[in-house]
Every structure is written in structure tokens, then in C-alpha cells.
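Asks: Predicted coordinates and the sequence they were generated for:
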Amino acid sequence: MSIQLVVFELDNKEYGIDVSAVNGILRARKFKVETLPGTDKSIEGMINLRGNISYIFNLRTKFDLIEKEISSESKFIMLNVNESATGCIVDEVTDIIKLNDEQVQSVPDFLSASTNYITGIGKLEDRMIIILDPEKIFAKEYANLQDAVNN
């Protein structure tokens, strides 16, 4: 069995998300992100995407990385998560790769307890790619967002 990943960079580290969860890749600079007061800091805001509201999450905040302005290289990776179009800001989308089972190492128990959204580490030549589960990565923030929108 194999997995195909959309690979992106954050803070010069490579991450991957299963291509089947990706709904599109957008240039971040082309959209105005409207902030939502009272929401989790990792929720950057919302955008109007083809007449629909899409929520944008900031992975830099989620992973406790240094904040960075959206640049011309920044992208929104739009995901099919929780039955809605959800996006995350990344520094740059770099690749689409296919890995077979031997190239994916599972996450040890001591890591998966605190970061259950990391499903494995992909190894491709000298590269290591942290594989993320989009359903789990925003689960807490998405629940808080739904509460804020509904109240």
C-alpha cells in the first residue's frame, strides 16, 4: 500500500497531508482573512471562497512557531474536514509525493499521546516529512469555533 501526500513547509520543516483530504491550494495573498473575535488563537479567521465561508487555521500558532507575515509564497491548503471547507496557512507548498509502507515510520507512543494528529514520519532520500491527520489536527479548535459561531 502507498500514500500520496501534499508536502508543505513551515519554519523550514516539511509536513505532509494525504492528497485525498486536500480540496485545493490557494495563494494566500489573493484573499482577505476576516478575524473572528473570541476564537482560539490558531483560528486566523474566515474567507469568502466562491460564495462560501471557509475557516482558516494558522499552523504556526498551533505548533508554537514564530509568527510570520503572509508572504507571496504563503498558501492556503484547503481541506475537506468536518464536512466543511477548512484551510490552513503554510509557508509554501513544495511537492506532491508518493510513499510506500517501507517509507513511512509510525509515531512512537510517547509522541502520539500529546500530538495525536501526527500519524507518521515519511522518509524520502534524506528528507523527513511529518505526516498530519487533518481530521485530528483541528478537532479542538473546530469545536471551539462552532461554539463561538453558534453563540
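Replies: Looks like it arrived, so ask away. As the structure is a prediction and not an experimental result, all values here were calculated from the model.
Asks: which intervals of this protein have sub-threshold pLDDT?
Replies: The chain contains residues with pLDDT under 70 at 82, 112-114, 140-151.
Asks: residues in contact with the residue nearest to the spatial centre of it?
Replies: Taking C-alpha atoms, centre = their mean, the centroid of the chain lies closest to C88, which sits 4.7 Å from it. Contacts here follow C-beta atoms under 8 Å, 6 or more residues apart in numbering; on that basis C88 touches I56, F57, N58, L59, F76, I77, L79, I137, F138. C-beta coordinates here come from the backbone N, C-alpha and C atoms, glycine included.
Asks: Now do the buried residues in the helix or strand containing the fifth one.
Replies: Assigning secondary structure by DSSP states H and E places F76 in strand 75-81. Going by neighbour count (16 or more other C-beta atoms under 10 Å), the buried part of strand 75-81 is K75, F76, I77, M78, L79, V81.
Asks: Show me what it is in contact with.
Replies: Residues outside strand 75-81 that contact it (C-beta under 8 Å, 6+ apart): 6, 8, 17, 21-28, 31, 47, 49, 54, 56, 85-90, 92-93, 134-135, 138, 142.
Asks: Walk me through which strands that strand pairs with, and which way each runs.
Replies: strand 22-27 (antiparallel), strand 84-90 (antiparallel) (DSSP bridges).
Asks: Can you tell me which of those strands is packed in deepest?
Replies: Most buried of the strands paired with strand 75-81, by mean neighbour count (mean count of other C-beta atoms under 10 Å): strand 84-90, with a mean of 22.
Asks: gap between that one and the chain center?
Replies: 7 Å (C-alpha atoms, centre = their mean, to the nearest Å).
Asks: and if you look at stretch 12-23?
Replies: The answer for stretch 12-23 is 7 Å, by C-alpha atoms, centre = their mean.
Asks: Repeat that for stretch 33-47.
Replies: The answer for stretch 33-47 is 15 Å, by C-alpha atoms, centre = their mean.
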